[in-house]
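Q: Build the 3D model from these lines:
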Amino acid sequence: MRIKSGNELLVIIILAALLVIIITVSPGSALRAILGFPFVLFFPGYTLLAAIFPAKNHLGGMSRIALSFGISVSVVILIGVILNYSTWGFSLDPLFITLFVFILIASVAGWLRRKRVDITERFAIHINLSMPSINLPRGRDRIILVIIALALIGAIGTLGYVIATPKTGLSFTRLQFLDLDGSTDRYPEKIVLGQEASVQVIIDSHEHSPMSYQLKVVINGVEDSAYGPIELDSGQNWQQTIGFTPSQVGDNQKVEFMLFEGDGIEPYLTPLHLWIDVE
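A: Here you go, the predicted structure:
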């Protein structure tokens, strides 16, 4: 029995998409474990090899299958390392989704590259009932095996380092201000002298440790009001309506919102500002 060249890439995409659907609809399904094994340990490497070596004389069938497992492990480890330092973190759902995108891109690239190879030279899968002969890799195949083995060792070493090193992830604080409707469309632009203008100020802390902030409102370089200490744990936010009253008439008066860490002298973040006309 023979499967035409390229058809197996479509099958891989369908199976990978099916697994993502199962994860979303029925996380506890037994099919998740059944499809998860080739999805993690075979599909990434196989599709990547299909994109790199579209011709059958580039890489033998047995070498291609063997390398698919090794490369898949390397790909999964490297993706895991990247996710570990991302905002999503290392968990199964982000890993599966990222792997699906990788498999999809590699499969499409493999299919396009095969189209550029003469049909007689394209790699094709042949399924035979007889036991295939196994030949030890030689020449270029052997070099490729050595390179992949070194890459695998490096990936495993990187994973070991990540496991042994405490995760720091992204550490940041976000400061923003909105109008009273919670949008960015209706900031105060013109007021009468003595009238108070207001905005909503939001502080989001993702510093992975408790933080103490101080917020200052500065008009034309002169402090108008201050708020704090604002104590936030990682993942917490502070939101409050802040009013300010310019003390002089004039156009294009600069109103700044400065965030400080504790009793710091220099702003912790770049100050935000708006311009207002006072009549």
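
Q: How many residues are close by residue 192?
A: Neighbours of residue 192 under the rule other C-beta atoms under 10 Å: 9. To be clear about C-beta, it is placed using only N, CA and C from the backbone, and glycine gets the same treatment.

Q: Please report how far the most centrally placed residue in the chain lies from residue 98.
A: When C-alpha atoms, centre = their mean is applied to the chain, the residue found nearest the centroid is residue 86 (5.7 Å). According to C-beta to C-beta, to the nearest Å, residue 86 and residue 98 sit 9 Å apart.

Q: And for residue 121?
A: Separation of residue 121 from residue 98 (C-beta to C-beta): 33 Å.

Q: Which one of those two is surrounded by more residues?
A: Neighbours were counted for residue 121 and for residue 98 using other C-beta under 10 Å; residue 98 has more, 18 against 14.

Q: shouldn't the more buried one be in contact with residue 79?
A: Yes. Judged on C-beta atoms under 8 Å, residue 98 makes contact with residue 79 at a distance of 5.3 Å.

Q: would you list every one of the strands in the stretch 101-250 of the chain?
A: 125-126, 172-178, 190-191, 197-206, 211-219, 222-232, 237-244, 250-261 (DSSP state E, counting those that start in this stretch).

Q: What average pLDDT does the first one get?
A: Averaged across strand 125-126, pLDDT comes to 58.

Q: Extract the residue ranges of the stretch 1-150 of the chain that are flagged as low pLDDT.
A: Along the stretch 1-150 of the chain, segments meeting pLDDT under 70 span 1-6, 26-33, 56-61, 87-90, 120, 122-150.

Q: how about 90 then?
A: Low-confidence segments of the stretch 1-150 of the chain (pLDDT under 90): 1-100, 103, 106-150.

Q: how about the helices in it?
A: Counting by DSSP state H, counting those that start in this stretch, the stretch 1-150 of the chain has these helices, from start to end: 7-25, 30-41, 43-52, 61-84, 92-115, 140-164.

Q: Columns distance to residue 208 on top of those, output as JSON lines?
A: Compiled in JSON lines, the helices of the stretch 1-150 of the chain are given as follows (distance: least, C-beta to C-beta, whole Å):
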{"stretch": "helix 7-25", "distance to residue 208": "28"}
{"stretch": "helix 30-41", "distance to residue 208": "29"}
{"stretch": "helix 43-52", "distance to residue 208": "31"}
{"stretch": "helix 61-84", "distance to residue 208": "14"}
{"stretch": "helix 92-115", "distance to residue 208": "19"}
{"stretch": "helix 140-164", "distance to residue 208": "16"}
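
Q: tell me the most buried of those helices?
A: Among those, ranked by average contacts under mean count of other C-beta atoms under 10 Å, first place goes to helix 43-52 (a mean of 24).

Q: could you give the angle of that helix to helix 7-25?
A: 150 degrees (axes from the mean of the first three to the mean of the last three C-alpha atoms, to 10 degrees).
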